[in-house]
Structure formats: structure tokens, C-alpha cells
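Colleague: have a look at this fold, sequence not included:
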């Protein structure tokens, strides 16, 4: 922040335009750096020659550097799925190859390896086998892995079955540290226990975050107002999205909506989940003891559903799969200027890196201007979370490595993903970087979604996708099953 203010001062004094690229920022060479001096110079020495600003000390969790004598430290992570898109990218690298994420992972691991005298190794298996592998390890007492990089949904399942440690048991865990996403720690805690963490180390969770893109050429042609300013001013709402898209759809001449038409929004059926949480509704709430409480039917859900369907349920505004096609078809249509907006998870942003026309990034809209902040959710499967299995050979060692990995990721993985791989290869302007802040800082998780409590989430999503609005009847029908499942869930944690 101080460096930014100095640059603003320099710019004002020189009365000229200064362009600063995040890719030009110096890399963090020492993960545990204390203080540093920043020198700012200009080419006009008579106006301002040099200013030196002392930065605040970098955050340091002060993890003891224990010598573990070359211990092979294994981390459970996912193997590639059938699509090839969703694969572990934040756990292990065999060596430097010039690819920015790969090299950042390698450098991060080398730093941690040297700090503790360990050898980080992956234990790579299919996502669907995580829980069974941990169960078998517990039964055999074979200390299969030392950490687990599980999905969000799998992490909660494993914690419910007593297969994960509460991170708060360990002195080395710093829940307030800047390398953790605090809203996720809060949303996924149960009885004030944290079994998983999402943050700078969990890049797959970045990829699985729901987002929105807009085509800048289309926006210019339609004389659309500055969308970034709408976000900054808190005026980017679902009503505004409807206003901007309700009259811009065009037909190719056959008199019916199809994939050759122009739409206001391209997306998939999964977007109902993204919008549901963006509009600030959750199936599960917490009581003062951090117990899970079934929220059920609310007035906010009724209002949110109505506004969502005005956009997502309108065939002249939105193409979301009801006309055929999948994400690849919609991506091709967006690249061909057949839509103003395109809503998908962040990984799809990087798939647009070869798009000829510039596009920008936005958070999903709010319900209204009174909503405190922009929210978005992380796909339960297209995600990852760092955990400590109860079968770890040395839980204290695991907790120290857990924290130090997360800490060093702040100065290695985060810049690699955030400032280089995503920002400058895919997004086309520095304002989109600012929008990425809104996205990643505003992420929320609903345990009702992750656990599908009482099958409410699936049923609610089906109702929304079909355009059904009889929520009172739906929730009344599912009340008993949801309450029963919640009771069993809370009993499992109390045990």
C-alpha cells in the first residue's frame, strides 16, 4: 500500500502517466524476510530524486526449524480426472521447466525441504478414493500420508468420520494469517473446530471459484457503461444484470432461440449454485456455539430465486445448456462475440487466453445494493483444501510443515498464479486484477451444499433449473430429512 501511494505521489508531481505492471514487481526471495527498504526514483531529478520508504515487517508465523533428518514427507493429492482439466497443481513438482506454476511449486517445496530437512513427495490417487485410503490407513496403522490435499466436500466427509485433526489443536496453526481465506475457515468450522484450510497454497480452489467475464468489444458496441465502476460503487446487482441483458438478445432469423443467436449471458446449469451464493443465501447457518442450523425457507431465498430466474430462466437472455451444448460450445460462442457476458469458474478464464477480443473479469452480482459485499462460491469437487490426517506419523511435524508450506506459498504460489499465470496470460487489463480481489476475497462455502444436507441442495437446484417457485412446499417436504441428517452429523462430531 505504501509503495502504491508513493507511486501516486510521483505521478502527480511529474504530471505524466506512469504505467506499472505487476509482472515487473520483484519476487519475494526470502519467505521469512523481515523489513526492507523501497527506493523510488524518477527521470526528472529536479522534481523528485529519491524517496526511501520502510515497509512494515512481513508476516512471519515463526515456525521452529526442526531437523527431521531427510524424512520422506508424503502429501495425498488428486490424479487427473477424465477431462484432464482438474489435476493437482499445487503439491509437487519434479523440477524447473519454465512453466510459472510448476516452477513456483518446485521453489516453494525446496524452501520447505531445506527448512525442515525433509523430502516432500506426492501420494497421488483418484479423488473418489481419498476417504477409503484414509480409512484403510487408520485400520492398518501404516501412517500412509502426512498431509492430505482433499476436495472441500471430501474434507468434510473425512472429518465427520474422525479421519482429520482439528487444526486448532496445534500451536503452529495461525488461523488469522494472511495466507488463509478467513471466510472459508469460518464457513467450514464446526463446534469451533477447523478441519481444513483454503488459501494461497490451494490453487485448485482458485480455479473452481465461480466468476463472470464480459466481452469488451460487445460492451463497446452496445454502449455499456463502465462495469468496473459499478462493482466499485456497490451497484453491480442482479437487477443491473437484468437491465443490461433484457433487450440485447438477437435471433439468427429462424424465430426461435438456438446456438446461432446472440445472448446477454452464456453459462451452464451449475451457474444457479454460483448465483445462489452470490445473492447471499445459505442452506446451513451457525448458532453461537458454532453448531449447524438448518436455515430452510426464507424471504431472501424467494426474492433471490425470482431475480435469478428473470435472467437465467429467460431463453432470450441466457443460454445455459437448455438449447444443447456444453461449456466448450459456450466458450466458442463467447469468443465469437455471441454474448455480452460469460459466467463460469475461474479456470475457464485461462482457457480464453487465445481469445482475439479483449475481455474483462467481474464478480457475480449482489442481490441489491444493501448487501455488504460481493460473494461467490467454490465448486465442491473442483476445489482443494489442506488437511492433517489422524494417521499422520508425527502430527506435530505435519502441523509445522502444514503452516510453513502455507506461509511460503504466500510469496511463491500466489504471485505465480495471481500476478503472472492468470493475470497477464489470460486477463487483458489491470482493472481485472482488482476484480480478482473481489472474487477471491468474497468466497463463501455452505456446508449445506458441501454435505447436501437432507438432499436439500440437489432439490433446490433442480427447482431453480426447472423454474419452479413453490419453495414453501419443497422445504416443508424436506424438513424432517434435513433435521435428521443434521442431528446425525452433529452427533458424529460430538463423539
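Modeller: Looks like it arrived, so ask away. Because the structure is predicted, anything quoted here is derived from the model rather than measured. Numbers count the residues shown, from 1 in each chain.
Colleague: where does the chain have low pLDDT?
Modeller: 1-57, 82-84 (pLDDT under 70).
Colleague: next, count neighbours for residue 260.
Modeller: Other residues lying near residue 260 total 12 when counted by other C-beta atoms under 10 Å. C-betas here are computed from N, CA, C, even on glycine.
Colleague: over to residue 292?
Modeller: Around residue 292 there are 22 residues (other C-beta under 10 Å).
Colleague: tell me the phi and psi of it?
Modeller: phi -80, psi 140 (degrees, to the nearest 10).
Colleague: what of residue 77?
Modeller: phi -150, psi 170.
Colleague: same check, this time on residue 150
Modeller: Main-chain torsions, residue 150, degrees, to the nearest 10: phi -100, psi 170.
Colleague: ok, it - contacts?
Modeller: 76, 130, 158, 196, 384, 385, 387 (C-beta atoms under 8 Å, 6 or more residues apart in numbering).
Colleague: which one of those sits closest to residue 349?
Modeller: residue 384 (18.0 Å; C-beta to C-beta).
Colleague: next up, the contacts around the nearest residue to residue 289 once chain neighbours are set aside.
Modeller: Leaving aside its sequence neighbours, residue 289 sits nearest to residue 191 (C-beta to C-beta, 6 or more residues apart in numbering; 7.0 Å). Each residue near residue 191 by C-beta under 8 Å, 6+ apart is listed here: 289, 290, 291, 490, 493, 494.
Colleague: specify the local secondary structure of the fourth one.
Modeller: Put simply, residue 490 is helix when judged by DSSP: H, G, I helix; E, B strand; the rest coil.
Colleague: neighbours of it, how many?
Modeller: 16.
Colleague: for the last one, same thing?
Modeller: For residue 494, the count of nearby residues is 8 (other C-beta under 10 Å).
Colleague: still on that earlier bit, give me the subset of the contacts of residue 150 lying in helices.
Modeller: Among the contacts of residue 150, the members falling in helices are 130, 158 (criterion: DSSP state H).
Colleague: in JSON lines, list the contacts of residue 150 along with distance to residue 225 and neighbour count.
Modeller: Listed next are these as JSON lines, based on distance: C-beta to C-beta, whole Å; neighbours: other C-beta atoms under 10 Å:
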{"residue": "76", "distance to residue 225": "48", "neighbour count": "24"}
{"residue": "130", "distance to residue 225": "46", "neighbour count": "24"}
{"residue": "158", "distance to residue 225": "47", "neighbour count": "24"}
{"residue": "196", "distance to residue 225": "40", "neighbour count": "27"}
{"residue": "384", "distance to residue 225": "37", "neighbour count": "32"}
{"residue": "385", "distance to residue 225": "38", "neighbour count": "28"}
{"residue": "387", "distance to residue 225": "44", "neighbour count": "29"}
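Colleague: in stretch 210-227, what counts as buried?
Modeller: 210, 211, 212, 213, 214, 215, 216, 218, 219, 224, 227 (16 or more other C-beta atoms under 10 Å).
Colleague: how about stretch 382-400?
Modeller: 382-392, 395, 397-400.
Colleague: now for the residues you listed, which pair is the farthest apart?
Modeller: 382 and 397 (30.3 Å).
Colleague: what are the buried residues along stretch 305-317?
Modeller: For stretch 305-317, by 16+ other C-beta under 10 Å, it's 305, 307, 308, 309, 310, 311, 312, 313, 314, 316, 317.
Colleague: over to stretch 176-196?
Modeller: Result for stretch 176-196 [16+ other C-beta under 10 Å]: buried residues 177, 179-181, 183-185, 187-190, 193-196.
Colleague: now swap in stretch 78-90 and tell me
Modeller: 78, 86, 88, 89, 90.
Colleague: residues in contact with the third one?
Modeller: Translated: residue 88. With contacts defined as C-beta under 8 Å, 6+ apart, the neighbours of residue 88 are 77, 78, 79, 122, 124, 149, 204, 384.
Colleague: how about 6 Å then?
Modeller: Contacts for residue 88 (C-beta atoms under 6 Å, 6 or more residues apart in numbering) come out as 77, 78.
Colleague: Three-state assignment for it, please.
Modeller: Per three-state DSSP, residue 88 ends up coil.
Colleague: rewinding a little: nearest to residue 164, of the contacts of residue 191?
Modeller: residue 493 (11.3 Å).
Colleague: and that closest one, what element?
Modeller: Assessed by DSSP states H and E, residue 493 sits inside helix 471-494.
Colleague: just how off-centre is that helix within its chain?
Modeller: 28 Å (C-alpha atoms, centre = their mean, to the nearest Å).
Colleague: what sits up against it?
Modeller: Contacts of helix 471-494 (C-beta under 6 Å, 6+ apart): 160, 190, 191, 291, 292, 294, 296, 297, 453, 454, 456, 463.
Colleague: setting aside sequence neighbours, what's the nearest residue to the fourth one?
Modeller: Leaving out its chain neighbours, the residue that sits closest to residue 291 by C-beta to C-beta, 6+ apart is residue 490, at 6.0 Å.
Colleague: ok, now how distant is that neighbour from residue 287?
Modeller: Distance, residue 490 to residue 287, using C-beta to C-beta, to the nearest Å: 11 Å.
Colleague: how about residue 100?
Modeller: Look at residue 100 and residue 287: by C-beta to C-beta, they are 44 Å apart.
Colleague: between these two, point out the one with more neighbours.
Modeller: Higher neighbour count among residue 100 and residue 287: residue 100, with 17 against 8, using other C-beta under 10 Å.
Colleague: touching, the more buried one and residue 423? I think so.
Modeller: No. Residue 100 lies out of contact with residue 423 (C-beta atoms under 6 Å); the separation is 10.9 Å.
Colleague: one step back: got the contacts of residue 150 as JSON lines, with distance to residue 248 columns?
Modeller: Shown next, in JSON lines, are the contacts of residue 150 (distance: C-beta to C-beta, whole Å):
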{"residue": "76", "distance to residue 248": "48"}
{"residue": "130", "distance to residue 248": "45"}
{"residue": "158", "distance to residue 248": "46"}
{"residue": "196", "distance to residue 248": "42"}
{"residue": "384", "distance to residue 248": "38"}
{"residue": "385", "distance to residue 248": "39"}
{"residue": "387", "distance to residue 248": "46"}
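Colleague: ok, of the contacts of residue 150, which one's closest to residue 415?
Modeller: residue 384 (18.9 Å).
Colleague: now the residue lying closest to that closest one once chain neighbours are set aside: how far from residue 375?
Modeller: Leaving aside its chain neighbours, residue 384 sits nearest to residue 204 (4.1 Å; criterion: C-beta to C-beta, 6+ apart). Here residue 204 is placed at a distance of 20 Å from residue 375 (C-beta to C-beta).
Colleague: repeat for residue 279
Modeller: Taking C-beta to C-beta, one finds residue 279 at 8 Å from residue 375.
Colleague: which strands and helices sit next to the helix or strand containing residue 110?
Modeller: For residue 110, the element it lies in under DSSP H and E is helix 100-116. The elements that helix 100-116 packs onto, with contact taken as 3 or more C-beta pairs under 6 Å, 6 or more residues apart in numbering; DSSP states H and E, are helix 395-409.
Colleague: what packs against the next helix or strand after the helix it packs on?
Modeller: Next along the chain after helix 395-409, taking DSSP H and E as the criterion, comes helix 413-414. Packing partners of helix 413-414 (3+ C-beta pairs under 6 Å, 6+ apart): none among the helices and strands.
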